[in-house]
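Asker: compute the structure for the input listed below.
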Amino acid sequence: MPAHTPPPAVLLRRLFEAAVASAQPALCVPPHLPSPAELGRGRLVVIGAGKASAAMARAVEDHWEGPLSGLVVTRYGYAVPCERIEIVEAAHPVPDAAGLRAAERLLQLVQGLSADDVVLCLISGGGSALLPLPLPGLTLAHKQAMNRALLASGATIGEMNCVRRHLSAIKGGRLAAACHPARVLTLLLSDVPGDQPMDIASGPTVADPSTCADALAIVRRYGIELPEPVREVLDSGRGESVKPGDPRLARADVRMVATPQMALEAAARVAREAGYAVHILGDALEGEARDVGKVLGGMALQVAGRDQPFTAPCVLLSGGETTVTVRGQGRGGRNVECLLSFAIATAGHPRIHALMGDTDGVDGLEEVAGAVLGPDTWARAWAQGLRPLDALADNDGHGFFEALGAAVVTGPTLTNVNDFRAILVDGLS
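Answerer: Purely as a prediction, here's the structure:
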């Protein structure tokens, strides 16, 4: 190990910062912009939604010399000043009236375009809640109730977005269809396991092969009670989205500009420079957060105790999006729930450290990215009267780590490439 290797807690924070920095729109958007030659005689109209959409819009303005106009909607607190593109803020993860009005305006903005025009659509994670435009017969209150139910159900992000697509007047390819006959170029900043375009902000500009029957099956699987108007939309098939092969999407292209895998690789480079072997376990680990934490804890113990499947010292990186089935009344988030379960599994092992956080800076409903754990976390918790198993049962990861001064607070990161997990297993001293 090099003599200049920083303390584990410092290194873990640097890995997280490297992952976030790799997905900054100022870095990853400009290489994917269309050229003026591609634009030809038409206009460039910029639209978008997501936690990173305002920063993406600013990157477009900074690198596009010709005329442009547009509108994007982002989360409260995530606005970035722009001169030619209007920035609107709305609520996430439960939508509000500001998001509804913004979605209506986006659809109006792309009406009447010609085949010479180009629509540049900037989409990142969070766009589902920020574009809550319900189908006729549904209301914002219906959308809010469904979002709350889905978030608490334990459904995966893909399952949640399948339901959302079939209740929306703008998602599931409908926004791109509204742009026809203009060309649509969508730049995606992925926050979903597998980087499926239809699951990023519920795919407003891409075709959707799933059906209303699929959405109903998900609802039944998780025992979600449907308001009667919502059930009617799904039962009748009125909520069917735009399907592959639809001619209105013939001129719609997608470019992936940042992904969880890219973020993990950026963190891996920093860890290697610090002298650690690095193993990326996967960029799409899903499941209940507490179960993933337990499995990762068992793996860390095997590395520390038996040098299997990897030899210590090493860093284990993973991404993806876990889920939380809410049972308690605590202040939880999927990353702190995963880390709390990991802490219980590893029980203060002297060579195991970890950081888990959301790259958008918000874990659950808290303005906290996640938390960091060290060998002393377990003993300090008990010394302060904190009971880890009780905290986990109450879904109180934020309360637990905040009491220990272990919360990771970044403020708005202006990007979003999903969850980041780093486990550092030191070698024998």
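Asker: would you map the strands across the stretch 251-400 of the chain?
Answerer: Applying DSSP state E, counting those that start in this stretch to the stretch 251-400 of the chain gives strands spanning 252-258, 277-282, 314-320, 352-358, 370-373.
Asker: can I get these in CSV including mean pLDDT and distance to G245?
Answerer: Where you see a C-beta, it was placed from the backbone N, CA and C, and this is true even at glycine. As requested, the strands of the stretch 251-400 of the chain are exported to CSV (pLDDT from 0 to 100; distance: least, CB to CB, whole Å):
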stretch, mean pLDDT, distance to G245
strand 252-258, 96, 12
strand 277-282, 98, 32
strand 314-320, 97, 31
strand 352-358, 98, 36
strand 370-373, 98, 41
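Asker: could I get those strands as JSON lines with mean neighbour count and distance to A407?
Answerer: JSON lines is the format used below for these (neighbours: other CB atoms under 10 Å; distance: least, CB to CB, whole Å):
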{"stretch": "strand 252-258", "mean neighbour count": "20", "distance to A407": "25"}
{"stretch": "strand 277-282", "mean neighbour count": "16", "distance to A407": "24"}
{"stretch": "strand 314-320", "mean neighbour count": "23", "distance to A407": "20"}
{"stretch": "strand 352-358", "mean neighbour count": "28", "distance to A407": "9"}
{"stretch": "strand 370-373", "mean neighbour count": "28", "distance to A407": "5"}
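Asker: hey, C-alpha coordinates of the lowest-mean-pLDDT helix or strand in the chain in PDB?
Answerer: Ranked by mean pLDDT, DSSP states H and E, the helix or strand of the chain with the weakest confidence is helix 36-39, at a mean of 77. The C-alpha coordinates for helix 36-39 follow below in PDB (Å, rounded to 0.1, in the frame of the first residue of the first chain):
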ATOM      1  CA  PRO A  36     -25.400  22.500 -36.700                       C
ATOM      2  CA  ALA A  37     -25.200  20.600 -40.000                       C
ATOM      3  CA  GLU A  38     -27.600  18.000 -38.600                       C
ATOM      4  CA  LEU A  39     -30.000  20.800 -37.700                       C
END
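Asker: pull out the buried positions in that helix.
Answerer: Across helix 36-39, burial judged by 16 or more other CB atoms under 10 Å covers L39.
Asker: care to break this protein down by domain?
Answerer: The chain is divided into the following domains under automatic domain parsing: 8-21+261-425, 33-242.
Asker: re earlier: helix or strand right after the least confident helix or strand of the chain?
Answerer: strand 44-49 (DSSP states H and E).
Asker: centre of the chain to that following strand, how far?
Answerer: For strand 44-49, the separation from the chain centroid amounts to 20 Å (computed by CA atoms, centre = their mean, to the nearest Å).
Asker: which strands and helices sit next to the helix or strand following that strand?
Answerer: Counting by DSSP H and E, the element after strand 44-49 in chain order, helix or strand, is helix 53-63. The elements that helix 53-63 packs onto, with contact taken as 3 or more CB pairs under 8 Å, 6 or more residues apart in numbering; DSSP states H and E, are helix 25-28, strand 44-49, strand 69-75, strand 85-90, strand 118-124.
Asker: what is the mean pLDDT for helix 53-63?
Answerer: With pLDDT averaged residue by residue, helix 53-63 scores 97.
Asker: quick one: work out the angle between that helix and strand 252-258.
Answerer: 100 degrees (axes from the mean of the first three to the mean of the last three CA atoms, to 10 degrees).
Asker: was I right to think P309 contacts G298?
Answerer: No: P309 lies out of contact with G298 (CB atoms under 8 Å); the separation is 11.6 Å.
Asker: quick one, which of the two is more surrounded?
Answerer: G298 (13 against 9; other CB atoms under 10 Å).
Asker: touching, that one and I344? I think so.
Answerer: No: with contacts counted by CB under 8 Å, G298 stays clear of I344, the gap being 11.3 Å.
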